[in-house]
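In: Could you look at this predicted model? Sequence included:
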Amino acid sequence: MRFLRHLLVVGAFAAIAGTAWGQAPTKLLKVAPSADVQELDPTRGRNLISRIYSQMVFDTLFALDHTLSPKPMMVDKETVSDDRLTYTFTLRSGLKFHNGSPVTTRDVIASLRRWLDGTTVGATLNSRLASLSANDDLTFELVLKEPFGLVEFMLAGAGAPIPAIMPEKDASRPESEALTAPIGSGPFRYIASERVSGHRVVFDRFADYAVRQEPPDGLAGGKIVKVDRVEWTILPDNTTTGANPTELPDPAVQRCARPAGSGPAVRSARTPGRGRRRQHEMGDLLRLHDLRRTAWERGRL
């Protein structure tokens, strides 16, 4: 249930979808999140706030629909060999990063390598990986050592951190180098110049975002953004996010917290310490174990 609740929260940002874009004045959505985003690298952020931020700024190869089934997002075509060891993926043409550069398989492989080598869940897939290589700018191959029925599910980023795609330069940077001006290819651009740590995070609509033609479905399908800008205002006392809306500093700020009476609004969203971080990753692995068992029962493994 907790995972599904988190999925719905992310979906509220990622799929603000519906009517066509008009010529109206700037449409601004103000939000009071339950915590500040502490990690701007989507392959390293391990809590709900990081996941929401990552889904706004970045895209993934696959995404989960409302049934938690993986659906193509950045991927246009996929073929799987008869022995279920070789996966060939072709990216959608026309994908762009926020700086205008095209998304290529060099960016994809570098990003996946960062996620595979730096996360516990990624390591689960990495241990089964024989090779990961590019055929050309749009096509790449993932070869397994043994059949594994959750490849697409894991590439969809079930949990956090997510295997988001970033430019090769950012994905290949040293671990000691912080990502301060992230560039993704998602529906929103992160505005680094307006960032005030602990107080404010700003996102602008990415006009060149390549929207899929399918209708929105969970985190999958078309993401048609209906606002020009999203501003996160981090309140000094996070418990006020559960208060009456009239008590907020700005009545236009939308609350992003649990309903009143449901407990603290921010405990699950605070950046965990090393011990809690391991607990979160172990929880992801336990859920992965349950999903593998379900896949086996359905004959997918």
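Out: Yep, it's here. Keep in mind that this is a model prediction, so the values were computed, not measured.

In: Grab the most central residue of the chain for me.
Out: Q55 (3.4 Å; Cα atoms, centre = their mean).

In: any idea how far D82 is from it?
Out: 34 Å (Cβ to Cβ, to the nearest Å). All C-beta spots, glycine's among them, are computed from the backbone N, C-alpha and C.

In: Likewise for F58?
Out: Relative to D82, and taking Cβ to Cβ, F58 is found at 33 Å.

In: Look at these two and report which has more neighbours.
Out: F58 (28 against 6; other Cβ atoms under 10 Å).

In: pretty sure that one is touching G186, no?
Out: Yes: the criterion here is Cβ atoms under 8 Å, and F58 meets it with G186 at 4.8 Å.

In: what do these two both touch?
Out: A164 (Cβ atoms under 8 Å, 6 or more residues apart in numbering).

In: Figure out the helix or strand that T124 lives in.
Out: helix 120-126 (DSSP states H and E).

In: err, R106, not the other one
Out: R106 belongs to helix 105-118, assigned by DSSP H and E.

In: List the contacts of that helix.
Out: 43-44, 61, 74, 91, 97, 122-123, 125-126, 129, 132-140, 155, 161-168, 171-172, 175.

In: Distance check, P187 against F153.
Out: 22 Å.

In: hang on, I meant S127
Out: Taking Cβ to Cβ, one finds S127 at 16 Å from F153.

In: what about S176, how many residues close to it?
Out: S176 has 5 neighbouring residues, counting by other Cβ under 10 Å.

In: One more: K145?
Out: For K145, using other Cβ under 10 Å, the count is 11.

In: Check P147 too.
Out: 13.

In: Please identify the helix or strand for it.
Out: Applying DSSP H and E, one finds P147 in no helix or strand.

In: quick one: the helices in this structure?
Out: Ranges of helices in the chain, per DSSP state H, are 2-14, 48-57, 105-118, 120-126, 151-155, 168-171, 274-297.

In: what residue ranges in the stretch 151-300 of the chain score low on pLDDT?
Out: 237-300 (pLDDT under 70).

In: at 50 instead, please
Out: Applying pLDDT under 50 to the stretch 151-300 of the chain picks out residues 238, 246-247, 257-275, 277-282, 284-286, 288-289, 291-300.

In: what do you get for the stretch 1-150 of the chain?
Out: 1, 3-4, 6-10, 14-23.

In: Let's see that with 80 instead.
Out: Residue ranges of the stretch 1-150 of the chain with pLDDT under 80: 1-25.

In: Check the offset of the helix holding T124 from the chain's centre.
Out: In terms of Cα atoms, centre = their mean, to the nearest Å, the centre of helix 120-126 is found 17 Å from the chain centre.

In: again, but for stretch 173-187
Out: Taking mean C-alpha positions (Cα atoms, centre = their mean), stretch 173-187 and its chain are 13 Å apart.

In: end to end, how far does that stretch reach?
Out: 24 Å (Cα to Cα, to the nearest Å).

In: can you list contacts of it?
Out: The contact list for stretch 173-187, computed with Cβ under 8 Å, 6+ apart, reads 14, 40-42, 55-59, 74, 95-99, 103, 118, 164-167, 170, 190, 192, 205-206, 209-211, 223, 225.

In: From these, list just the buried residues.
Out: When these are checked for burial by 16 or more other Cβ atoms under 10 Å, the buried set is 14, 40-42, 55-59, 74, 95, 97-98, 103, 164-167, 170, 190, 205-206, 209-210, 223, 225.
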